[in-house]
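Student: here you go, sequence then predicted model.
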Amino acid sequence: MNKRQINNILIWFSAIILIILIMTPGLWVVLTAFRPQVDVMAKPAVWIPRNLNLIQFETMLFGGSEGSMGRSPIPVLSYLRNSLIISFTSTFIAVLVGTIGGYGFARHNFKHKNKYFLLIMLTRTIPGISLSLPIFIIFSKIGLIDTHIGIILVFVALNIPFTIWLTDGFFRQIPRAMSEVAMTDGCTKLQAFWHIELPLSRSGIASAGIFAFLISWNEYALVSNLARSTDSKTLTVGLMDFTAQFTINWPGMCALAVFIIIPALILTFMVQKHLVTGLTFGGVKG
Amino acid sequence: MAKVSLQGVSKFYGKVQAVKKIDLEIIDKEFLVLVGPSGCGKSSSLRMIAGLEEIDEGTIKIGNKEMNNLEPRERNVSMVFQNYALYPHMTVEENLGFSLKIAGLGKKEIEERVNEAAGILDITEFLQRKPSQLSGGQRQRVAMGRAIVRRPDVFLFDEPLSNLDAKLRNQMRTEIKRLHQKVSTTIVYVTHDQVEAMTLADRIVIMKDGIIEQTGTPLDLFERPATKFVATFIGSPSMNMIKATVVNQNNQLSMKTSDGIIVPVPKDKQNSVNEDQKISFGFRAEDIVPLQFGQKPSNAWEMQSSVNIAEPLGTETLIFTNFGEIEIVSRMFTPEQVKSNDVLDFALNLDRTYLFDENSGLAI
């Protein structure tokens, strides 16, 4: 074996270890969702599943039957609806506003530009959870507790800085001459942006969109304070429905977690092909 | 088709004045080249004509219409950029047709005009390709095609050949000239390469530090440079330039270099210089002739010097030799072998020696 082969083996070995470390908790969640409570709680742990079933999903959607500890159904569909409305709307607004902001920072010069940029980025250094009390107080005064709009506002505010940062970088990569030539070609500034710069930065915008969506979709801490009922509770907050005073229904909770993961996975795979960078390559120079 | 006029045009970047109140009339259908070293304000001037930079002072007119407050799209100019700036997400056909689509033309007319432009530039076979699948020269052609498809009043070229290799650059240079003959539209062309300027231009404008040094036809500038800068900038190799002081030698005004070499002031300049005046005198490589291999000029001054380096180029040979302490270059057109350290007799053609005032830089 030469040095190169040894190197390759080392790289593969560490990659596999890393993947196992990252994947195991997720796999355990999926596995737990399909196992009976007895198996899950068993001590010593039952590593290899003895029987798998869909009882938790049935209970979650249609209410308890025999062997499922007789629980009432959880309003999963309401939670799903809330999650979808909140995540998509907040992502759309954040990407729209953030892209315009990123374009502004990338293409225009104004006084104290760098300071504003830093300020916007600094807002993200505040731990989200520390915002929950002030937000709660403000929202309760203006009646936004337990509303879609309230939660959407919070997510938009959280996601805009990141979107600005990401799209700013992408717009900077597009040569200025591109929009200048479009403008001599008869475009207004807005048309040049729409026909040329926007399509060229779509991979950046797609990435920003995915990140914003996942943050909104997966957020728990803030929404658990702001959402009080099925009017606005999201799927992640719905996970707490599986806790009772003395017990936690782990398989049920994991079943809902699987339910949460699936749409996010599908979306990520769908948009993944747009994440190809280097789209501008070839338009300039040789 | 239109003339372009710049009247007292200035451009500031912060406190730096990149273009200083320049006046320029570009005649209809003229091929005008703006040339100068980097930072001389030539690109800023072009971009002001295009509308990509604000005009801080003065007015720019295309035709008889003032352009100062018009957007680029309202000026009916087309610009070809140094890095081509082709739209990478569109095919060549879409690149060419984009401006027409924005203008709201019908599909059929767009197709006709795209095909016409593609025909002129010989890029018909690439119409369905993306820019990334084209070579440098092909991209350059597409960029030009995109400009001509609009039938603009004025073409603006911003150093369009500087990204190409030497061979392709020569080829494209010829094509640009041919294109001008075909479409006969006013062209303003910016370059830092004096060879490009000489070969392409009807008229050249030489800029330096934001002002126009001289305007004229290529031969005008070559034969009658108005300033020392123009004299050294135009022509290859660069004009030999030697600093000297005017002295009175035997009742004849002469030029004394810092090495003590004394050369008579050419007869027609005797009355234009004064004793003790600081000047530079310049002569082109072909006007200092190695006597063994060339004909002695009628009005000559002779010197002897040894060869530092000889560069045979086929039809001509460049000989680097010393004029006192200063290295100068001589050009001869015979295929003789000249070696380093050969001692040769040179004759300087005084009729083709240029004098410049050292303080003002102006020709005497």
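Tutor: Yep, that arrived.
Student: give me the helices and strands touching the lowest-mean-pLDDT helix or strand in chain A, please.
Tutor: Across the helices and strands of chain A, mean pLDDT, DSSP states H and E gives its lowest value to helix A:55-62, namely a mean of 79. Helix A:55-62 sits against helix A:76-107, helix A:250-272, with contacts defined as 3 or more Cβ pairs under 8 Å, 6 or more residues apart in numbering or on different chains; DSSP states H and E. Using the backbone N, CA and C atoms, a C-beta is placed for each residue, glycine as well.
Student: show me which residues of chain B are close to chain A?
Tutor: Applying Cβ under 8 Å from any Cβ of the partner chain, we find that chain B lies next to chain A at B:50-52, B:71-73, B:75, B:77-79, B:81-89, B:98-99, B:102-103, B:130-136, B:139, B:146, B:150, B:156, B:163-164.
Student: still on that earlier bit, in the least confident helix or strand of chain A, what's buried?
Tutor: A:55-57, A:59-60 (16 or more other Cβ atoms under 10 Å in any protein chain shown).
Student: also stretch A:85-96?
Tutor: For stretch A:85-96, by 16+ other Cβ under 10 Å, it's A:86-87, A:89-91, A:93-95.
Student: the longest strand anywhere in chain B pairs with which strands?
Tutor: If each strand of chain B is counted by residues according to DSSP state E, the longest one is strand B:300-312. Here strand B:300-312 has these sheet partners by DSSP bridges: strand B:317-323 (antiparallel), strand B:343-349 (antiparallel).
Student: do I have it right that residue B:57 meets residue B:21?
Tutor: Yes: using Cβ atoms under 8 Å, residue B:57 is in contact with residue B:21, at 6.7 Å.
Student: between these two, which contacts overlap?
Tutor: B:8-10 (Cβ atoms under 8 Å, 6 or more residues apart in numbering or on different chains).
Student: secondary structure element for residue 207, which one?
Tutor: Using chain A here. helix A:202-218 (DSSP states H and E).
Student: my bad, the chain I had in mind was chain B
Tutor: Going by DSSP H and E, residue B:207 is in strand B:203-208.
Student: and that strand, what does it pack onto?
Tutor: strand B:31-35, strand B:211-216, helix B:218-223, helix B:228-233.
Student: beyond the shortest one, next helix or strand please.
Tutor: What it means is strand B:31-35. Next element after strand B:31-35 (DSSP H and E): helix B:42-50.
Student: what angle sits between that next one and strand B:211-216?
Tutor: Helix B:42-50 and strand B:211-216 are oriented at 80 degrees to each other (axes from the mean of the first three to the mean of the last three Cα atoms, to 10 degrees).
Student: and for residue 136, the neighbour number?
Tutor: Chain wasn't specified; assuming chain A. 16 (other Cβ atoms under 10 Å in any protein chain shown).
Student: switch to chain B, please.
Tutor: Residue B:136, neighbours per other Cβ under 10 Å, totals 17.
Student: hmm, it is touching residue B:164, no?
Tutor: Yes: Residue B:136 is in contact with residue B:164 according to Cβ under 8 Å; the separation is 5.4 Å.
Student: look at residue A:277 and report its pLDDT.
Tutor: We have a pLDDT of 49 for residue A:277.
Student: then residue B:59?
Tutor: On the pLDDT scale, residue B:59 gets 92.
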